[in-house]
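Undergrad: Provide a 3D model corresponding to the input given below.
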Amino acid sequence: MANIRSFKGIRPVRSKVHLVATRPYYSYKKNVLKAKLEDNPFTFLHIINPEFGAQIKTKPNSTERFLQVKQKFQQFLKEGILLTDEQAHLYIYRQSRDGMIVSGFFAGVSVDDYLNGAIKIHEQTLTAREDVFTNYLDTVGFNAEPVLLTYEGQAPIQQMLDTYLASRPEYEFTTTDRITHEVWVLSVPDSAQICAAFQNVPALYIADGHHRSASSARYTQQLRANKPNYPEAADYFLGFLVDEKEVQIAAFHRLLKSTNGLDLKGLMAILSNEGSIEKLAGPQLPEKKHDIHIYMEKTWLKFRPNLNFINDQDPIETLDSFILSDLILKPIFGIVDLKTSDQVEFVPGIEPLQKIIDTIDANKFQVAFLLHPASINDVKKVADAGLNMPPKSTWVEPKLRSGLAIYSLEA
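TA: Have a look, this model is predicted:
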């Protein structure tokens, strides 16, 4: 059973939504971030970077910096760049690009569901990052970047979704990355109907945003321990709920800086004892699960491990990211911990293949390992078993905009 709630969304006024909404600040290169902050006074990036252009700055990730964020947020409200809905709603968001169309709901998602396991996770979080995000929430009092969650589709939910998608949206704009964004505000009765329908959803699965959800849970637990009269809104966090069939998962490929002197012929000889190895005619992504493609010394290879090396009873050991580490990276190249190794670069599967080729040919890295993407069922099996996927196992789309629908923890 999934418990969600409507909320009084804080959102851009219609005339400025295309200027306010932004990708997360960490996704921009420094020069691009600087240009956006210089050229656009309405971007949400100014809230996240409140001291842009200041001569004296506070320490990053400090309470003092977060207070500046809150003040900038309140300034946007005062200036009428952002508005607050008078009634609580759910919000539908649709993202479209190159044939990829994803639609779902912005909603408040239950912290208790996270704590009792009704919200499933598949990734470990870092305590240090949780500490930072928890302090951030305690200081600023809002969620602006939603956690992406998937659910098993339900007919009543889809029917309501389709009804709204056939109508004119409240917002519609296209960004320079050629993504079209649309937002609908559900009526109060329809919002209540969808909240009730989600009671029949057996579980939610976090696809992206493990640290944000973990920090939200810690924040709520701290309030419960220290401030028993805290607002009900803090029992929830901002989520974007999407039918699992619409989420797209790409692989993370691995590039190695060094082969420790091992050449192509030597690598092929070793891998021939672990499975089948053959040369490919040219660049090609793996078409099947357990196929691993390799680019080294201007040569393309396809490696497929022997089935006896794969434990089908363990949802982790069937993942190609695990198989690559277990059969190749650890025993051959001595890379034991992907989290700490400085020898590995992770490249999202959405990147052009030519970019990987150019990187290897320029000798910036010595060898590339390309993986077939995990499926949503692979992710769910890991989460249902209470396990964690290896680092950088999935690149999940859609990537969401900050500042489209903001959730107040103080309302």
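Undergrad: residues in contact with Trp184?
TA: Counting by CB atoms under 8 Å, 6 or more residues apart in numbering, Trp184 touches Tyr91, Ile92, Tyr93, Tyr164, Leu165, Ser167, Pro169, Glu170. Every residue, glycine included, has its C-beta placed from N, CA and C.
Undergrad: wait, Gln154
TA: Going by CB under 8 Å, 6+ apart, Gln154 touches Ala197, Phe198, Asn200, Val201.
Undergrad: and the gap between it and Asp337?
TA: Look at Gln154 and Asp337: by CB to CB, to the nearest Å, they are 41 Å apart.
Undergrad: buried ones in the host helix or strand of Met268, by neighbour count?
TA: With elements delineated by DSSP states H and E, Met268 resides in helix 264-271, which encompasses its position. Neighbour counts using 16 or more other CB atoms under 10 Å place Leu264, Leu267, Met268, Leu271 of helix 264-271 among the buried residues.
Undergrad: and the third one, what pLDDT?
TA: So that's Met268. According to the model's per-residue confidence, Met268 sits at a pLDDT of 97.
Undergrad: excluding chain neighbours, give the residue nearest to it in space.
TA: The spatially closest residue to Met268, leaving aside those adjacent along the chain, is Ile277, at 5.4 Å (CB to CB, 6 or more residues apart in numbering).
Undergrad: how far away is the closest residue to Leu186 other than its chain neighbours from Thr125?
TA: Beyond its immediate neighbours in the sequence, the residue positioned closest to Leu186 (CB to CB, 6+ apart) is Leu90, lying 4.6 Å away. From Leu90 over to Thr125 the distance is 27 Å, taken as CB to CB.
Undergrad: so for the two, which residue has more residues nearby?
TA: Neighbours were counted for Leu90 and for Thr125 using other CB atoms under 10 Å; Leu90 has more, 29 against 17.
Undergrad: next, the contact list for the more buried one, please.
TA: Contacts for Leu90 (CB under 8 Å, 6+ apart) come out as Ile4, Ser6, Phe105, Phe106, Ala107, Leu186, Asp190, Ser191, Ile194, Cys195.
Undergrad: Tyr407 - how many residues pack around it?
TA: Counted with other CB under 10 Å, the neighbours of Tyr407 add up to 26.
Undergrad: for it, give the beta-bridge partners.
TA: Counting by DSSP bridges, Tyr407 is bridged to Asn143.
Undergrad: confirm for me that it is in contact with Gly108.
TA: Yes. When contacts are counted by CB atoms under 8 Å, Tyr407 is listed as touching Gly108 (6.3 Å).
Undergrad: find the residues that touch each one of the two.
TA: Between them, Tyr407 and Gly108 have Phe7, Ala233, Tyr236, Phe237, Leu238 as joint contacts when contacts are counted by CB under 8 Å, 6+ apart.
Undergrad: pairing partners for the nearest residue in space to the third one that is not next to it in sequence in the sheet, please.
TA: The shortest distance from Tyr236 to any non-neighbouring residue, by CB to CB, 6+ apart, is to Gly108 (3.4 Å). In this structure, Gly108 has beta-bridge partners Arg5, Leu238, where bridges are defined by DSSP bridges.
Undergrad: hang on, the earlier thing: ok, residues contacting the helix holding Met268?
TA: Residues from elsewhere that reach helix 264-271, judged by CB under 8 Å, 6+ apart: Thr259, Leu262, Ile277, Ile294, Met296, Glu297, Thr299, Leu301, Phe303, Ile328, Ile332, Val367.
Undergrad: can we see that at 6 Å?
TA: Ile277, Met296, Glu297, Thr299, Phe303 (CB atoms under 6 Å, 6 or more residues apart in numbering).
Undergrad: okay, that helix in PDB with CA atoms only?
TA: Coordinates of the C-alpha atoms in helix 264-271 are reproduced here as PDB (Å, rounded to 0.1, in the frame of the first residue of the first chain):
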ATOM      1  CA  LEU A 264      44.900  -7.100 -26.200                       C
ATOM      2  CA  LYS A 265      46.300 -10.600 -27.000                       C
ATOM      3  CA  GLY A 266      46.900 -11.300 -23.300                       C
ATOM      4  CA  LEU A 267      43.400 -10.200 -22.300                       C
ATOM      5  CA  MET A 268      41.800 -12.300 -25.000                       C
ATOM      6  CA  ALA A 269      43.800 -15.400 -23.800                       C
ATOM      7  CA  ILE A 270      42.700 -14.900 -20.200                       C
ATOM      8  CA  LEU A 271      39.000 -14.300 -21.100                       C
END
